[in-house]
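# Sharing a sequence plus its predicted fold:
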Amino acid sequence: KIHHSIIIITMVAKYNPISIYSLLTLFSSCSIKHASSFSMMSMSSGPPSDLSGKVVAQRFVYRLSPTKSSVTCPNNYSIEERQYFTVGEDRSLEPFGDKCFIIRDNPEKYYKNNEVEPPPETLKKNGQPRVYTRIGPSLYKMDNVAEVDEDDEENGEYALGSSVWDSSHAMVLYCLANPEFIKGRGLEVGSGIGIGGLLSCIAAGLAQGETEYLPSKSYQSIEDIANTPVVDESGDSDDGSSSGGLPGFEKSYAPVPNNLAKVLLTDSHDTLLSKCFSNVQKSSFPPPKVEIKSLDWNSRIPNEMKCQYDFIIGCDCAYYFPLVAPLARTVAYTLQISPYDKVDNEQRVGGQFVHIGPEHRESIQDLRRKLSRGYRMNTRTQSLVLERFDLVPLFLDSMNDVEDQLKEEVMGEKAGFVEYQNIETSYFTSLVGYHHEDYDGFNGEYFFPADTGRENNYGGDGTELDYGYGTAPY
């Protein structure tokens, strides 16, 4: 039994990076039903004596390192990911609902006039000091995210995009720090269940309305949303007017930029698109500003999609090399042109493609080479450092206490300081691309080296090597 216990603890420690001491505490106090819920009970002070009927929240807070990440507007916005569990009479843990995502404000801005000191240094039972980070108030919350269950997967067919990966967290945080490029018509390639695209647009709306970097006229503020007439499922608002609301959407809409015309979420698997549709409903995304469509990168690009999109985003889409060529081709043919402006005597950057994936993913550099040499696009890469804080578990009497807890945590005595058990750092690469100034949207079959068979004649900057102006390939 001891041998089996060590094996279980080792396996859990691998996927839930918490202390062995905490795992041993849990192992002695709870029966095992779900290995992934072990970290829920790993409070340094131990779980409450009477857990029966309680609700326990497993919590992770993600943020981009403001000093190590290359972004336009460094900040401390964060995303909290929660999973709730109920505690049975036998102290077993059962998942309650699906994951919840909370976008939190920048604590440095929110608490700039609040000089509350961090909690005093104390020690846990294992002799280690307690450590704290600070979080801002909730700006937006999405409950019960629809993911593909393991039982629904067929031989791993939907493994890519069937759940929320850290690349999606990084993309959302990137949009909080670079909200200006979410505008006009947008396309997400490889949307999967859609969380990356949906929350990225919502994050841009929040950032444009909550930071000082952009004028207020370009966003839909939280105050505007709060004052929007409530719409029921019949489409009738409280003031008697009709807004065309769709059944299944919540009674107020998520904060997206006013200058966002529409975002198109795409994937090639119907199961993922079905989950994506569910998440559109759960996110309260404004119905006129979102569309879902099947898109196979290996198929011919529909004429109505060519040269149409002001921004294209992708979260870890260059997962392995065979995906690189069809992905690059799809991006090149659907992205808006960036022509040379003869009046201002400079290139006017139009559509932009942003892809984020793990730094160790070699195929990201393959994608950059394909875009640069095969489609003569201007590209650059930057480093993003994602920090994940594993917070101590939260115990609630019932789910009715969640909203009060969200307010009390930031407005009460703790003033946003929360204890965490562990911090993990992950490194990501953001790849940004836009078209060559000579591409006019119609000459692709003659202009793109990948289509003319002359890709090897171009360097990493998209300049033809034959004339001596190109640089060495990336």
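Thanks, I have it. Values in this document were obtained by computation on a predicted structure and should not be read as measured data.
# all contacts plus neighbour counts: C-alpha atoms, from now on.
Noted.
# where does the stretch 251-400 of the chain have low pLDDT?
For the stretch 251-400 of the chain, applying pLDDT under 70 flags the ranges 251.
# residue boundaries of the helices in it?
Assignment of helices within the stretch 251-400 of the chain using DSSP state H, counting those that start in this stretch yields the ranges 270-283, 324-334, 363-369, 375.
# Which of those helices has the highest mean neighbour count?
Among those, helix 375 has the highest mean neighbour count (mean count of other C-alpha atoms under 10 Å), at a mean of 26.
# Count the neighbours of residue 342 for me.
When neighbours are defined as other C-alpha atoms under 10 Å, residue 342 has 9 of them.
# now swap in residue 360 and tell me
By the criterion of other C-alpha under 10 Å, residue 360 has 11 neighbours.
# Could you measure from it over to residue 316?
Using C-alpha to C-alpha, to the nearest Å, residue 360 is found at 11 Å from residue 316.
# circling back: wait, which of the helices of the stretch 251-400 of the chain is closest to residue 351?
Closest approach to residue 351 among the helices of the stretch 251-400 of the chain (C-alpha to C-alpha): helix 324-334, 9.3 Å.
# from the middle of its chain, how far away would the closest one be?
Offset of helix 324-334 from its chain centre (C-alpha atoms, centre = their mean, to the nearest Å): 22 Å.
# what packs against that helix?
If you count contacts as 3 or more C-alpha pairs under 8 Å, 6 or more residues apart in numbering; DSSP states H and E, helix 324-334 packs onto helix 363-369.
# just checking, next helix/strand downstream of the helix it packs on?
Downstream of helix 363-369, the first helix or strand assigned by DSSP states H and E is helix 375.
# contacting residues around that next one?
Helix 375 is contacted from outside by 329, 332, 447-450, 462, using C-alpha atoms under 8 Å, 6 or more residues apart in numbering.
# hmm, 6 Å instead?
Residues from elsewhere that reach helix 375 (C-alpha atoms under 6 Å, 6 or more residues apart in numbering): residue 448.
# where exactly do the strands run in the stretch 101-250 of the chain?
131-134, 138-142, 184-188 (DSSP state E, counting those that start in this stretch).
# what does the average pLDDT come to for the shortest one?
In this case it means strand 131-134. Mean pLDDT, computed over strand 131-134, is 92.
# that older thread, buried deepest among the strands of the stretch 101-250 of the chain, which one?
By mean count of other C-alpha under 10 Å, the strands of the stretch 101-250 of the chain have strand 184-188 as the most buried, with a mean of 23.
# can I get the strands of the stretch 101-250 of the chain in TSV with distance to residue 171?
As requested, those are arranged in TSV below (distance: least, C-alpha to C-alpha, whole Å):
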stretch	distance to residue 171
strand 131-134	21
strand 138-142	16
strand 184-188	12
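# what's the closest of those to residue 65?
Within the strands of the stretch 101-250 of the chain, the stretch nearest residue 65 is strand 131-134; the backing value is 12.9 Å (C-alpha to C-alpha).
# And for the closest one, what's in contact with it?
The contact list for strand 131-134 (C-alpha under 6 Å, 6+ apart) reads 416-420.
# Grab the longest helix from the protein for me.
The longest helix of the chain (DSSP state H) is helix 195-210.
# now that helix, how far from the chain's geometric center?
Helix 195-210 sits 9 Å away from the centroid of its parent chain (C-alpha atoms, centre = their mean).
# any idea of the angle it forms with strand 184-188?
Here helix 195-210 runs at an angle of 150 degrees relative to strand 184-188 (axes from the mean of the first three to the mean of the last three C-alpha atoms, to 10 degrees).
# What is helix 195-210 packed up against?
Here helix 195-210 touches helix 166-177, going by 3 or more C-alpha pairs under 6 Å, 6 or more residues apart in numbering; DSSP states H and E.
# tell me how far the helix it packs on is from the chain's mean position?
Chain-centre distance of helix 166-177: 5 Å, with C-alpha atoms, centre = their mean.
# and that helix, what does it pack onto?
For helix 166-177, the packing partners by 3+ C-alpha pairs under 6 Å, 6+ apart come out as helix 195-210.
# orientation of the helix it packs on relative to helix 166-177 in degrees?
Going by the same axes, to 10 degrees, helix 195-210 makes 20 degrees with helix 166-177.
# picking up where we left off before, out of the strands of the stretch 101-250 of the chain, nearest to residue 54?
Smallest distance to residue 54 across the strands of the stretch 101-250 of the chain (C-alpha to C-alpha): 21.9 Å, for strand 138-142.
# What pairs with that closest one, parallel or antiparallel?
Applying DSSP bridges, strand 138-142 is found paired with strand 93-104 (antiparallel).
# With distance to residue 56 added, can I get the helices of the stretch 251-400 of the chain in a markdown table?
Below are the helices of the stretch 251-400 of the chain laid out as a markdown table (distance: least, C-alpha to C-alpha, whole Å):
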| stretch | distance to residue 56 |
| --- | --- |
| helix 270-283 | 22 |
| helix 324-334 | 41 |
| helix 363-369 | 39 |
| helix 375 | 51 |
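# Relative to residue 173, which of those is closest?
helix 270-283 (17.1 Å).
# can I get the CA coordinates of that closest one in CSV?
Extracted C-alpha coordinates of helix 270-283, given in CSV (Å, rounded to 0.1, in the frame of the first residue of the first chain):
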residue,chain,number,x,y,z
ASP,A,270,-17.6,19.5,-36.3
THR,A,271,-17.3,18.3,-32.7
LEU,A,272,-15.0,21.2,-31.9
LEU,A,273,-17.2,23.7,-33.7
SER,A,274,-20.2,22.5,-31.6
LYS,A,275,-18.3,23.1,-28.4
CYS,A,276,-17.2,26.5,-29.9
PHE,A,277,-20.9,27.4,-30.4
SER,A,278,-21.6,26.5,-26.8
ASN,A,279,-18.8,28.7,-25.6
VAL,A,280,-20.0,31.6,-27.7
GLN,A,281,-23.3,31.4,-25.9
LYS,A,282,-21.7,31.1,-22.5
SER,A,283,-19.4,34.0,-23.1
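# Give the other helices and strands that it contacts.
Applying 3+ C-alpha pairs under 6 Å, 6+ apart, one finds that helix 270-283 contacts no other helix or strand.
# Swap in 10 Å and give it another go.
On a contact count with 3 or more C-alpha pairs under 10 Å, 6 or more residues apart in numbering; DSSP states H and E, helix 270-283 meets strand 138-142, helix 195-210, strand 260-267, strand 290-294.
# Buried deepest among these, which one?
helix 195-210 (a mean of 27).
# if we can go back for a sec, so which of the strands of the stretch 101-250 of the chain is nearest residue 404?
Ranking the strands of the stretch 101-250 of the chain by their distance to residue 404 (criterion: C-alpha to C-alpha) puts strand 138-142 first, at 11.6 Å.
# Tell me if I'm right that residue 143 and residue 80 touch.
No: taking contacts as C-alpha atoms under 10 Å, residue 143 lies outside contact range of residue 80: 11.7 Å.
# Tell me which of these two has more neighbours.
Neighbour count, other C-alpha under 10 Å: between residue 143 and residue 80, residue 80 has more, with 22 against 16.
# how about low-confidence regions in the stretch 101-250 of the chain?
Per-residue confidence for the stretch 101-250 of the chain (pLDDT under 70) gives these ranges: 113-114, 150-162, 210-250.
# Could you work out which of the helices of the stretch 251-400 of the chain reaches nearest to residue 405?
Using C-alpha to C-alpha, the nearest of the helices of the stretch 251-400 of the chain to residue 405 is helix 270-283, at 21.1 Å.
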